[in-house]
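Asks: could you look at this predicted model? Sequence included:
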Amino acid sequence: MIPIPIKTQKEIEIMREGGKILAEILRELEKKVRPGIKTLELGRLAESLILNSGAKPSFKGYTSRKDGIIDPYPASLCTSINEEIVHCLPSERILKEGDIISLDLGIYYKNFHTDMAITVPVGRVTLEAQRLIKVTKKSLKRGIKEIKPGNHIGNVENAIQRFVESNGFNVVRDLCGHGIGKELHEEPQILNFGKKGTGPELKEGMVFCPEPMVAVGDPTIRRAKDGWGYQTFDDSLSAHFEHTIAVTKKGFDILTSL
């Protein structure tokens, strides 16, 4: 078993600095989401804001054989719309009234990565879309509340799953959250389903990114049309939220929070 890296307090403080920068950038991107804007414009703005902040994009140039793609990722921001779950590229696609869009962004600051995602309505959206966004966001909060020394990763996973399924939606099972630090993806993997008391025990100094991905319908995934991202198999709506979290002596610390 690959060990889970433990960060020092100094390293966590650096990640907190980076996390604040990241959260501020995502807040600026969220303000720009509206009908008529191209996702490519959001991608360009994200990269500009990252570089102007003194950081670097975590995603651009990233390669992962786990994804089945060995080409470097060509964008700084992931823009996944409606049935698209994660990792879709910014493009000439124009956002329409009623869409929902997931903005997933990572930055590399002072030798450490932080990662965060939000799902945003485009103009007025259906009640179902509103509820999907609300439930996905709350499921992340439920998972985060389980983070404390002595608990297990399975407690986090189980809290996310139970809340999502109790609200009539489904968790995506083929994608997961991850540890983070000097590498964008570190141990442990964090699923969106699990059993209490299972998986690695949480210890002070661990830093990871729970990221519930939730579908209205069939949570089975398939490749999105752009060849990079993933979408729901049945084209049902999907939402995604993510924070970078440090395990503290008494509980948790959200590093990507304003």
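Replies: Nice, thanks for sending it over.

Asks: mind listing what G194 touches?
Replies: By CB atoms under 8 Å, 6 or more residues apart in numbering, the contact list for G194 reads I153, G154, N155, V156, E157, N158, Q161. Every residue, glycine included, has its C-beta placed from N, CA and C.

Asks: would you turn those into CSV with secondary structure and pLDDT?
Replies: Below are the contacts of G194 laid out as CSV (DSSP: H, G, I helix; E, B strand; the rest coil; pLDDT from 0 to 100):
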residue, secondary structure, pLDDT
I153, helix, 98
G154, helix, 98
N155, helix, 98
V156, helix, 98
E157, helix, 98
N158, helix, 98
Q161, helix, 98
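
Asks: in this protein, where is pLDDT below threshold?
Replies: 65-70 (pLDDT under 70).

Asks: quick one, longest helix in this protein?
Replies: The longest helix of the chain (DSSP state H) is helix 9-32.

Asks: any idea how far that helix is from the chain center?
Replies: Counting by CA atoms, centre = their mean, to the nearest Å, helix 9-32 is centred 13 Å from the centre of its parent chain.

Asks: next: stretch 85-97.
Replies: For stretch 85-97, the distance to the chain centre is 16 Å (CA atoms, centre = their mean).

Asks: do the same with stretch 102-111
Replies: With CA atoms, centre = their mean, you get 10 Å for stretch 102-111.

Asks: offset the numbering so it begins at 211, please.
Replies: Happy to do that; since the first residue is 211 now, the last one works out to stretch 312-321.

Asks: buried set for that stretch?
Replies: S312, L313, D314, L315, G316, I317, Y318, Y319 (16 or more other CB atoms under 10 Å).

Asks: now do the contacts for the closest residue in space to N361 that isn't next to it in sequence.
Replies: The shortest distance from N361 to any non-neighbouring residue, by CB to CB, 6 or more residues apart in numbering, is to L412 (5.0 Å). The contact partners of L412, by CB under 8 Å, 6+ apart, come to I357, K358, P359, G360, N361, H362, I363, V457.

Asks: and of these, the nearest to T430?
Replies: T430 has its nearest neighbour among the contacts of L412 in I363, at 23.3 Å by CB to CB.

Asks: which of the contacts of G404 tops the neighbour count?
Replies: Compared across those, V366 has the highest neighbour count, 30 neighbours, by other CB atoms under 10 Å.

Asks: ends of stretch 426-445, how far apart?
Replies: End-to-end distance of stretch 426-445: 9 Å, with CA to CA, to the nearest Å as the criterion.

Asks: buried set for it?
Replies: Neighbour-count burial for stretch 426-445 [16+ other CB under 10 Å]: V426, P429, I431, A434, D436, W438, G439, Y440, Q441, T442.
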